[in-house]
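# structure here, sequence nowhere to be found:
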């Protein structure tokens, strides 16, 4: 079945929130969502409730920057370096793991729900057994320092649709691709334009790869961030997306951005691969839709918040976005 046309995108609901929401996970086939927030808490919520009132489940010791669902387990990660497992049927925290020595940036689950992956600023991508919490792989393919000897960060991670491959992206624009079963690196790509270093005024850097997405057939890898920045104290670079033939390590498409500034924090492909959507922001947020095959921008839509994450349904007919003090639901088709 063809994916819905991006021209049909429209705002359906808009919820104000007192916190920044960094992560969202949706229970497949339902309107139940789970949120990781800036008040150190994890919440559950019903998107169809008459009054949208998230319910507190449990807390971390700092920002909750990633949430993922692996069957009936909710796994969250935060700046405290911990991963927590919660049984969503009982609401009980059943496991806490000291997973990383630095800030956790993202937590995702494999398509079959058997694995959970966390990435952090210790530059490790760790693969966990979702049922037992045991470490399966500790993947290290990113340097701890930038070329100018500053601390680097590991921002982005994604699974391929078949669950066989992982991709990770860091602050300097380096992407590593991994064989999940073997726990070995099998490819790499470079997107250096997404990294800016100021050697004269501030002696620090900004940018990095903030989102990754394999195409449905697994052959292409989309990379999101922003272009070069003048004043590195602000997210003033243009939203930027590059697409790679990851096996060849070769860029095949480039979308440098011409309207919105800020980071592309999330990427997703239409189920049939006909388009790619990115979302993110700076002072304000955006959706960006691309026809990758034609190397054409299809639509650029303003969103009334800096988008940190979104969940798109399997049929691409609904996108739930979270970010700075808002949650929005957009419909397609």
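Nice, I can see it. Everything quoted here is computed from the prediction, not taken from an experiment.
# now residue 227: how far from residue 249?
21 Å (CB to CB, to the nearest Å). For every residue, glycine as well, the C-beta is placed using N, CA and C.
# do residue 302 as well
34 Å.
# burial check on residue 316, number of neighbours?
As a burial measure, residue 316 scores 20 neighbours (other CB atoms under 10 Å).
# got the contact list for it?
Contacts for residue 316 (CB atoms under 8 Å, 6 or more residues apart in numbering) come out as 3-4, 270-271, 332-333.
# a strand runs through it, doesn't it?
No: using DSSP: H, G, I helix; E, B strand; the rest coil, the secondary structure at residue 316 is coil, not a strand.
# from residue 46, how far off is it?
Applying CB to CB, the value for residue 316 to residue 46 is 22 Å.
# now the longest strand belonging to the chain: buried residues?
Counting residues, the longest strand found in the chain (DSSP state E) is strand 10-26. Within strand 10-26, the residues that count as buried by 16 or more other CB atoms under 10 Å are 15, 17, 19-26.
# dump those to CSV, plus distance to residue 262.
CSV is the format used below for the buried residues of strand 10-26 (distance: CB to CB, whole Å):
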residue, distance to residue 262
15, 22
17, 19
19, 20
20, 15
21, 17
22, 16
23, 18
24, 19
25, 23
26, 24
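# out of the residues you listed, which is nearest to residue 71?
Taking CB to CB as the measure, residue 71 lies nearest residue 25 of those, at 11.9 Å.
# tell me if I'm right that that closest one and residue 71 touch.
No: Residue 25 is beyond contact range of residue 71, at 11.9 Å (criterion: CB atoms under 8 Å).
# OK, contacts around residue 40?
Residue 40 touches 59-64, 78, counting by CB under 8 Å, 6+ apart.
# which helix or strand in this protein has the lowest average pLDDT?
The weakest-scoring helix or strand in the chain, judged by mean pLDDT, DSSP states H and E, is strand 204-207 (a mean of 67).
# now the element after it, going C-ward?
strand 211-214 (DSSP states H and E).
# what packs against that following strand?
If contacts are counted by 3 or more CB pairs under 8 Å, 6 or more residues apart in numbering; DSSP states H and E, strand 211-214 sits against strand 154-159, strand 165-170, strand 220-226, strand 263-269, strand 276-281.
# quickly run through the sheet partners of it, with directions.
Counting by DSSP bridges, the strands paired with strand 211-214 are strand 220-226 (antiparallel).
# how far off strand 276-281 does the partner strand point, in degrees?
Relative orientation of strand 220-226 versus strand 276-281 (axes from the mean of the first three to the mean of the last three CA atoms, to 10 degrees): 20 degrees.
# off-centre distance for strand 220-226?
11 Å (CA atoms, centre = their mean, to the nearest Å).
# again with stretch 180-195
That offset, for stretch 180-195, works out to 16 Å (CA atoms, centre = their mean).
# in it, what's buried?
180, 187, 189-191, 193-195.
# state the distance from residue 329 to residue 46.
From residue 329 across to residue 46, the span is 12 Å (CB to CB).
# which one of the two has more residues nearby?
In this view residue 329 and residue 46 are compared by other CB under 10 Å, and residue 329 has more residues nearby, 18 against 15.
# gap between the more buried one and residue 83?
Counting by CB to CB, the gap from residue 329 to residue 83 is 28 Å.
# could you do residue 281 as well?
Distance, residue 281 to residue 83, using CB to CB: 27 Å.
# now do residue 166
Taking CB to CB, one finds residue 166 at 17 Å from residue 83.
# give me the neighbour count for residue 137.
That count, for residue 137 with other CB under 10 Å as the rule, works out to 20.
# swap that for residue 129, please
Neighbour tally, residue 129, other CB under 10 Å: 13.
# okay, it: pLDDT?
Residue 129 is assigned 98 on the pLDDT scale.
# make residue 1 into 312 and carry on from there
Okay, using 312 as the starting number, the last item reads as residue 440.
# gap between it and residue 369?
As judged by CB to CB, residue 440 and residue 369 stand 21 Å apart.
# what of residue 502?
36 Å.
# again, but for residue 631
Distance, residue 631 to residue 369, by CB to CB: 22 Å.
# who's more crowded, those two?
residue 631 (21 against 17).
# pretty sure the more buried one contacts residue 334?
No: the criterion here is CB under 8 Å, and residue 631 misses it with residue 334 at 11.8 Å.
# grab the nearest non-local neighbour of residue 578.
In this structure, residue 578 finds its nearest non-sequential neighbour in residue 524, 3.9 Å apart by CB to CB, 6 or more residues apart in numbering.
# remind me which residues of this protein are low pLDDT?
Applying pLDDT under 70 to the chain flags the ranges 509-516, 541-546.
# report the beta-bridge partners for residue 532.
Under the criterion used (DSSP bridges), residue 532 bridges to residue 525, residue 555.
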